[in-house]
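Peer 1: Attaching a predicted model along with its sequence, questions to come.
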Amino acid sequence: MPEDVKRKVEVDYTHRGYIPMAASTDVNSDFAKVTKPNQSSSFMMMREDAVASPDIYLSGPNKWPELVGFRETLERYNNEMCVLGARMMRIALRSLGASEATMEMFMPATTWLRLLHYPPAPAQRPDDLYGSAPHTDFGALTFLATDDVGGLRVLAADGSWIDVPPRADAFVVNVGDMLHRMSGGVLRSTPHRVINETGRERYSCPFFFDPHVSACIEPLVGEKTTFPPLNFGTFLRGELEASYEAHKPDTI
Ligand SMILES: O=C(O)CCC(=O)C(=O)O
Ligand SMILES: [Fe+2]
């Protein structure tokens with residue numbers, strides 16, 4: 001699809017639509033000094049709300065490109081992933097000894113379905129030029145489907161980056177920062193990054209299942225002092241404003 005057609009549905013403060021190449025820089029990364037923007041372009045679908053309500057951060061309708069069957073296909077995949085996300089979240093919460101009522105934090109959930117394209121990295125790649133710079137996911141659970149190109153690595157406890165070989169029959173499941181906090185640090189939010197050094201185009205499709213923006217995030221059981229209560233919406237706003245031009249207060 002030509003760039004100018006994609007730009008008709010370019011991402012705005014509701015974070016839905018086309019995210020052009022190099023539109024985000026992970027300046028908040030705790031794992032690397034990141035100055036260069038992520039070398040990817042993508043399409044973002046979030047929860048479908050009738051309107052963008054000023055009282056609910058990141059609410060709004062999705063933005064659809066003029067492409068026959070695109071919306072229907074994504075909506076079908078998204079519906080299935082919302083069901084899977086809720087099931088896995090319930091299991092995670094149960095494993096932490098949290099009450100059933102904790103699930104209310106995810107009603108409705110903040111969901112993000114992203115279709116990502118990473119072009120091949122240049123042959124002379126600067127050390128700090130990433131497809132996706134070292135980061136942790138900021139929500140609760142991520143379900144990542146990728147093609148067979150590879151390039152995803154996770155940070156091991158000893159500081160080395162371990163390759164995550166692609167598998168056609170499985171999702172890579174990541175714990176995000178909010179589930180890390182809710183679990184009191186028992187479930188770790190794993191740092192990861194993408195460098196596409198294969199010379200091939202790489203495609204991936206993460207689905208993020210996160211709390212509602214109004215949720216207060218704190219350890220669900222045990223000692224709470226290490227992770228003071230945090231409002232998910234406020235946290236998200238800080239992250240997105242820091243990383244995306246479309247979220248800077250003077251752009252909105
Ligand atoms: O493309 C990938 O394999 C990872 C993407 C990712 O980490 C993210 O979107 O948060
Ligand atoms: Fe990620």
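Peer 2: Arrived safely, thanks for sending. Ligands and ions are numbered 1, 2, ... in the order given.

Peer 1: for the nearest residue to residue 41 once chain neighbours are set aside, what are its contacts?
Peer 2: What sits nearest to residue 41 in space, not counting adjacent residues and going by CB to CB, 6 or more residues apart in numbering, is residue 21, at 4.4 Å. In this view, the C-beta of every residue, glycine as well, is placed from N, C-alpha and C. By CB atoms under 8 Å, 6 or more residues apart in numbering, residue 21 lies in contact with 39, 40, 41, 119.

Peer 1: so of those, which ones are in strands?
Peer 2: The strands, defined by DSSP state E, take in residue 41 from the contacts of residue 21.

Peer 1: Show the buried residues in the contacts of residue 21.
Peer 2: Buried by 16 or more other CB atoms under 10 Å: 39, 40, 41, out of the contacts of residue 21.

Peer 1: tell me which of these is nearest to ligand 1?
Peer 2: residue 40 (7.5 Å; CB to the nearest ligand atom).

Peer 1: where does the stretch 1-150 of the chain have low pLDDT?
Peer 2: Regions of the stretch 1-150 of the chain meeting the criterion pLDDT under 70 are absent.

Peer 1: For ligand 1, what's its nearest residue on the stretch 51-200 of the chain.
Peer 2: Closest point on the stretch 51-200 of the chain to ligand 1, by CB to the nearest ligand atom, is residue 152, at 4.1 Å.

Peer 1: What ranges does the stretch 1-150 of the chain have for its helices?
Peer 2: Here the stretch 1-150 of the chain has its helices, by DSSP state H, counting those that start in this stretch, at 3-7, 70-95.

Peer 1: Up against ligand 1, what does this structure have?
Peer 2: Counting by CB under 6 Å from any ligand atom, the residues of the chain close to ligand 1 are 114, 116, 132, 137, 144, 146, 152, 192, 194, 204, 206.

Peer 1: for the residue of the stretch 51-200 of the chain closest to ligand 1, what are its contacts?
Peer 2: When contacts are counted by CB under 8 Å, 6+ apart, residue 152 touches 144, 146, 163, 164, 166, 172, 192, 193, 194, 204.
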